[in-house]
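In: Structure for this input, please:
(2 chains)
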Amino acid sequence: MLVTKDFELIEHTADVGIMAYGADVREAFVNAARGMFSLITELESIREVEHRDVEVTAPDVESLLAAWLNELIYLFDVENMLFSRFEITEFSDTCLRARAYGEPVDGSRHKLKVGIKAATYHMLEVDRSNGGRVRVLFDI
Amino acid sequence: MSAPWKQVLNRVDDYCWEIPTSYKEGMRVPGRIYASEAMLEHIWQEQVFQQVANVAFLPGIVPYSMAMPDVHWGYGFPIGGVAATRVSDGVVSPGGVGFDINCGVRLLRTNLTAEEVGPRIEKLTTELYNNVPSGLGSKGRLRVNEKELDEVMVRGSAWAAEHGYGDAEDVEVTEESGCIRGADPGKVSARAKQRGIPQLGTLGSGNHFLEVERVSEIFDREAARAMGINEVGQVLVLIHCGSRGLGHQVCTDYVALLGRVVQKYGISIPDRQLACAPIQSTEGQSYLEAMACAANYAWTNRQCILHWVRESLVSVFSKSRQEMGLEQVYDVAHNIAKLEKHTVDGKRLDLCVHRKGATRAFPAGHPDIPEAYRKVGQPVLIPGDMGRGSYIALGTETAMRMTFGSTCHGAGRVQSRAAAKRSQRGADVVRALADKGITVRAGSMSGLAEEASEAYKDVDEVVDITHRAGISRKVVRAVPMGVVKG
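Out: Below is the predicted model:
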């Protein structure tokens, strides 16, 4: 399959979702995270100044997707960290290790768009049938 | 051709429609949607029927999975959903409360008139914007340590009042007196606490707001008088916010935890966001104790914000709080699960009532409502959108009988955030509001566009249906003068 975009937004009456693509699920997880931060601010405005190491576990790959994104939301909420690049170093259906690159919010350069309360399990989907495709809906 | 929903729904009466259990295999009880026929068309286009049906799967649910007239597509439960489960053998579902635990509304009255406030509305809106931290990533003016946060979570509004943010009278006219008992900070994760500490005393972003408004219509003079509202033109201030990152993390933690135990309890659910556990189980109890912590945090948050709203009014009008009659009317939660007693099929039952985007609406005489309102009924605060009105209503006996004492919580969205942004820019929204004489101060222009009037149902229509269905009774309508958004 020719993937022309990394992610796209899914419209929902109250909230917003992301459909993310990749050559495999691991890459789709990265693009889902990029898609999520694109909702918060312009990805291009995020510089790679710092990094955080992230490790999440979950009982299955769909929950792992929610846990991964919720971990990043937590880092944004507590440390004001914006990320634009992610390296997943270890990936299975139940465990993910990654390094996330970005910087803390700088009001003079980052135009913040919307706050994300959480990644939900509603419509959560991980599809391996054609490369990687994942879907997640956020509570905004 | 008849509308497609007509093949699914059974009409109960003009404002109540039933989804039979045959709609989806696994429904334990029928669904009931409170809406006008005209509204059903839109409700049908969304996934609301599916979501109401999915909630009907929850073990112990009685006697219907319900939706209020402002219902719209949520992320598991519909927004505007009400579901009661038996405490004895039913479940509690964190998704049935939502991420913003005890998101709610508080109303302050003044004795100022629109004529007095009008000329200074820009100054007042700016003062409110400066005094009440709002917007994405904002930090609170309060500095609490972990021990103090534990006290906030255990004691709620009373903690704020004792620390100089308001008084006992405010606490008295707050749902549940601003504190759900049985809160256990030990059931709240360290991460939830980390998110909660810096955000105490902040409004947040999204649909949260402060609104200065003037009374435009009084439908019931006697009931309005009981709330200290006497004339058209009187100025009120509405505060809408919740439990911030602390509540979001509590929900995140417990949806994940309960998702891992549904199988252990032999529960089958059609949507993972409906993850649940028996109320009597360790996991179910832990969630309720953590939820109480987040709910109490939210009441503390609104109590502190109320204090800064009062300070702003005092500063702008150079009059004392007493001179301006700055008294709290009431405070309601609209994302919460409460343990309540209700009569079902002639039997008194202990129930866990989930209100996801729905407001408690208890009738006159109910022991759980404050003395001041015992004769008229519980005030119900229903915000609309920024450009249209908001309402104060009262709980009724009909609500008690039909909806476990619940009614709508707002106008309900009809347009996605992206669609709202495509159709108008933040600057256009400011101009449209200015044309109506409404001043707005917002942290984010794109956030503002997402909250444009056009994105919402008409609150007049929604409240009218609750009134005609009898699940709440209109008392006062107010229209915005100044709005502060994160």
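In: Give the buried residues for the helix of greatest length in chain B.
Out: The single longest helix within chain B, with elements called by DSSP state H, is helix B:282-317. Within helix B:282-317, the residues that count as buried by 16 or more other Cβ atoms under 10 Å in any protein chain shown are B:283-314, B:316-317. For the C-beta atoms, the positions are set from N, CA and C on the backbone; glycine is no exception.
In: and after that helix, which helix or strand comes next?
Out: helix B:321-324 (DSSP states H and E).
In: For that next one, what does the pLDDT average out to?
Out: Helix B:321-324 carries an average pLDDT of 98.
In: which strands and helices sit next to it?
Out: strand B:104-113, helix B:282-317 (3 or more Cβ pairs under 8 Å, 6 or more residues apart in numbering or on different chains; DSSP states H and E).
In: for the record, mean pLDDT for the longest helix of chain B?
Out: Average pLDDT, helix B:282-317: 98.
In: do stretch B:94-111 as well
Out: Rounded mean pLDDT across stretch B:94-111 is 98.
In: and it, does that touch chain A?
Out: Yes: part of stretch B:94-111 sits near chain A under the criterion Cβ under 8 Å from any Cβ of the partner chain, namely B:95, B:98, B:99, B:100.
In: which regions of chain A sit below the pLDDT cut-off?
Out: By pLDDT under 70, the low-scoring segments of chain A are A:1-4.
In: Quick check: residues of chain A near chain B?
Out: So chain A meets chain B at A:9, A:11-16, A:40, A:58-59, A:62-63, A:66-67, A:70, A:73-74, A:77-78, A:80, A:105, A:111-115, A:117-118, A:120-124, A:137, A:139-140 (Cβ under 8 Å from any Cβ).
In: now, which of these lie within helices?
Out: Reading helices off those with DSSP H, I get A:40, A:62, A:63, A:66, A:67, A:70, A:73, A:74, A:77, A:78.
In: farthest-separated two in the residues you listed?
Out: A:62 and A:78 (25.0 Å; Cβ to Cβ).
In: can you count the residues close to residue B:147?
Out: Counted with other Cβ atoms under 10 Å in any protein chain shown, the neighbours of residue B:147 add up to 8.
In: do residue B:380 as well
Out: Residue B:380 has 31 neighbouring residues, counting by other Cβ under 10 Å.
In: now the closest residue to residue A:105 other than its chain neighbours: how far from residue B:119?
Out: Spatially, and ignoring its direct neighbours in sequence, residue A:105 is nearest to residue A:80 (4.4 Å; Cβ to Cβ, 6 or more residues apart in numbering or on different chains). For residue A:80, the distance to residue B:119 (Cβ to Cβ, to the nearest Å) stands at 39 Å.
In: could you list every residue that touches the one residue in the stretch 251-400 of chain B that gets nearest to chain A?
Out: Closest contact between the stretch 251-400 of chain B and chain A, by Cβ to the nearest Cβ, is at residue B:272 (3.7 Å). Shown in contact with residue B:272 (Cβ atoms under 8 Å, 6 or more residues apart in numbering or on different chains): A:62, A:63, A:121, A:122, A:124, B:259.
In: helix/strand/coil for the residue of chain A most remote from its centre?
Out: Within chain A, the residue lying farthest from the chain centre (Cα atoms, centre = their mean) is residue A:108, at 24.0 Å. Here residue A:108 takes the coil state, with states given by DSSP: H, G, I helix; E, B strand; the rest coil.
In: Leaving out sequence neighbours, find the closest residue to the most centrally placed residue in chain A.
Out: In chain A, the C-alpha nearest the mean C-alpha coordinate belongs to residue A:33, at 1.5 Å (Cα atoms, centre = their mean). Leaving aside its chain neighbours, residue A:33 sits nearest to residue A:86 (5.3 Å; criterion: Cβ to Cβ, 6+ apart).
In: repeat for residue B:111
Out: Leaving aside its chain neighbours, residue B:111 sits nearest to residue B:325 (3.8 Å; criterion: Cβ to Cβ, 6+ apart).
In: so the one you found sits right up against residue B:113, yeah?
Out: No: contact criterion Cβ atoms under 8 Å: residue B:325 and residue B:113 do not qualify, at 11.7 Å.
In: what about the strands in the stretch 101-250 of chain B?
Out: For the stretch 101-250 of chain B, applying DSSP state E, counting those that start in this stretch gives strands covering B:104-113, B:209-218, B:234-241.
In: Make CSV from these and add distance to residue B:391 to it.
Out: What follows is the strands of the stretch 101-250 of chain B, written out as CSV (distance: least, Cβ to Cβ, whole Å):
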stretch, distance to residue B:391
strand B:104-113, 11
strand B:209-218, 9
strand B:234-241, 11
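In: Pick the most buried one from these.
Out: strand B:234-241 (a mean of 25; mean count of other Cβ atoms under 10 Å in any protein chain shown).
In: Tell me which stretches of the stretch 101-250 of chain B form helices.
Out: Secondary structure of the stretch 101-250 of chain B (DSSP state H, counting those that start in this stretch): helices at B:114-117, B:121-131, B:146-155, B:157-162, B:168-172, B:190-199, B:221-226, B:244-261.
In: ranking those helices by burial, who's on top?
Out: Greatest average neighbour count among the helices of the stretch 101-250 of chain B goes to helix B:244-261 (a mean of 26), per mean count of other Cβ under 10 Å.
In: hmm, that helix in reach of chain A?
Out: Yes: using Cβ under 8 Å from any Cβ, we find that helix B:244-261 touches chain A at B:245, B:248, B:249, B:251, B:252, B:255, B:256, B:259, B:260.
In: Please identify the buried residues of stretch B:334-354?
Out: B:334, B:335, B:336, B:337, B:338, B:340, B:342, B:349, B:351, B:352, B:353, B:354.
In: Tell me the spacing between the second one and residue B:351.
Out: Here residue B:335 is placed at a distance of 17 Å from residue B:351 (Cβ to Cβ).
In: likewise residue B:230?
Out: To residue B:351, residue B:230 is 38 Å away according to Cβ to Cβ.
In: ok, and the closest non-adjacent residue to the spatially most central residue of chain B?
Out: Against the mean C-alpha coordinate of chain B, by Cα atoms, centre = their mean, the closest residue is residue B:334 at 2.6 Å. If the residues on either side of it in the chain are set aside, residue B:334 comes closest to residue B:409, at 3.9 Å by Cβ to Cβ, 6+ apart.
In: And the pLDDT at the one you found?
Out: pLDDT, residue B:409: 97.
In: these two touch, right, it and residue B:70?
Out: Yes: between residue B:409 and residue B:70 there is a contact under Cβ under 8 Å: 6.4 Å.
In: Tell me the residues of the stretch 201-350 of chain B that contact chain A?
Out: B:204-206, B:245, B:248-249, B:251-252, B:255-256, B:259-260, B:271-273, B:275.
In: which one of these sits closest to residue B:446?
Out: Once Cβ to Cβ is applied, the member of these that ends up nearest residue B:446 is residue B:205, at 10.8 Å.
In: Now for the residue lying closest to the closest one once chain neighbours are set aside: which residues touch it?
Out: Spatial nearest neighbour of residue B:205, excluding adjacent residues (Cβ to Cβ, 6+ apart): residue B:486 at 3.6 Å. Taking Cβ under 8 Å, 6+ apart, we find residue B:486 in contact with A:115, B:134-136, B:138, B:203-206, B:208-209, B:442-444, B:447.
In: any idea how far residue A:49 is from the residue nearest to residue B:111?
Out: For residue B:325 relative to residue A:49 (Cβ to Cβ), the value is 52 Å.
In: And for residue B:127?
Out: Distance of residue B:127 to residue A:49, given as Cβ to Cβ: 36 Å.
In: what's the answer for residue B:441, then?
Out: On the measure of Cβ to Cβ, residue B:441 and residue A:49 end up 31 Å apart.
In: Who has more neighbours out of these two?
Out: residue B:441 (19 against 12).
In: Pretty sure the more buried one sits in a strand.
Out: Yes: the assignment for residue B:441 (three-state DSSP) places it in a strand.
In: hey, what's it bridged with?
Out: residue B:484 (DSSP bridges).
In: and residue B:323, what does it touch?
Out: Taking Cβ under 8 Å, 6+ apart as the test, residue B:323 contacts no residue whatsoever.
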